[in-house]
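S.K.: would you be able to build a 3D model of this:
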Amino acid sequence: MSFRLAVCAEMVYGELDLIERVRRIHGQGFEVELWDTRGRDISALAATGARFSSMSGYFGGSLIDPESADEVVASAEKLIPTALELGVERMVVHPAELGEGGRAVRPTYRSTGQMWLTGLRTLERLAVLGEKHGVTFALENLNTILDHPGIPLARAKDTLTLVSAVDHPHVKMMLDLYHAQIGEGNLIELVRAALPWTGEIQVADVPGRFEPGTGEINYRAVAAALREAGYSGVIGLEAGAVGGQGLAAGDAALAAFRAAFRAAFEG
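M.R.: Next up, the predicted model:
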């Protein structure tokens, strides 16, 4: 399989602690995505032998707000030693600051020219930081209809515009197809357009945010389109298991995820 498959350890196997989740995901041949690594036993995570594809890349500030953009860059710099210890390739950032439950810390429902310019300049600063340390910052698109209301410049077409304007190898998109389906749709054309600037792709089905095959998205068709376009990067399952947080449900979710993308190479 040309695609590298990863699984977000924060969303499956909830009955296990994080280290055991990582071991179980790694044991099934997947790479691992992480969220906030602060307060985690980094040495123990590294000792699992897992390959970590991505982690949260900041913990404060908003990259589109002139008053707090410096905080984004400063917090990113503090997280870089963790990324290097774990061998993380991509550090994920968002268009604005997320609070509890992914809600906007300062809800804003109208984007301005200043937001665009500040976002561009902040991403350019992250590009310099990423190049210095050998990591890539990945700007994730979000849906503002259901999960992240009040986050400006969050749609895939906006994040793509920002990343392509920076045009730097150490700034890419974290293209989240779950969010894009809710907010925009037309996923196959989206992945084709975004491919040159995509660092990693995340998937979950809609509705519910469970594994492929539980909702309306034809992920086998998406996988075929990615294969035809020549994508060979990481596809990460950022989804819960429809059967719950138990081991059997998690294993079934991972198997369904693998099957959806393996089908692109089996006819």
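S.K.: for the chain, which segments are assigned as strands?
M.R.: Under the criterion DSSP state E, strands of the chain are mapped to 4-8, 31-33, 52-56, 90-93, 136-140, 171-176, 198-203, 234-237.
S.K.: in CSV, list those strands along with mean pLDDT, mean neighbour count and distance to residue 15.
M.R.: For glycine as for every other residue, the C-beta is placed from the backbone atoms N, C-alpha and C. As requested, the strands of the chain are arranged in CSV below (pLDDT from 0 to 100; neighbours: other C-beta atoms under 10 Å; distance: least, C-beta to C-beta, whole Å):
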stretch, mean pLDDT, mean neighbour count, distance to residue 15
strand 4-8, 97, 22, 16
strand 31-33, 98, 24, 17
strand 52-56, 98, 25, 22
strand 90-93, 98, 25, 26
strand 136-140, 98, 27, 27
strand 171-176, 98, 26, 26
strand 198-203, 98, 24, 23
strand 234-237, 98, 25, 18
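S.K.: could those strands be laid out in CSV, adding distance to residue 150?
M.R.: Shown next, in CSV, are the strands of the chain (distance: least, C-beta to C-beta, whole Å):
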stretch, distance to residue 150
strand 4-8, 23
strand 31-33, 25
strand 52-56, 19
strand 90-93, 17
strand 136-140, 16
strand 171-176, 17
strand 198-203, 21
strand 234-237, 25
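S.K.: tell me who's in contact with residue 58.
M.R.: Contacts of residue 58 were listed using C-beta atoms under 8 Å, 6 or more residues apart in numbering, and they are 72, 75-76, 79, 91, 93.
S.K.: actually residue 246, not the one I wrote
M.R.: By C-beta under 8 Å, 6+ apart, the contact list for residue 246 reads residue 15.
S.K.: and what of residue 134?
M.R.: Listed by C-beta under 8 Å, 6+ apart, the contact partners of residue 134 are residue 84.
S.K.: can you give me the distance of it to residue 42?
M.R.: Remark: distance between residue 134 and residue 42 (C-beta to C-beta, to the nearest Å) = 18 Å.
S.K.: now do the same end-to-end measure for stretch 105-118.
M.R.: With C-alpha to C-alpha, to the nearest Å applied, stretch 105-118 spans 18 Å between its terminal residues.
S.K.: equivalent analysis for stretch 86-105, please.
M.R.: The straight-line separation of the ends of stretch 86-105 (C-alpha to C-alpha) is 29 Å.
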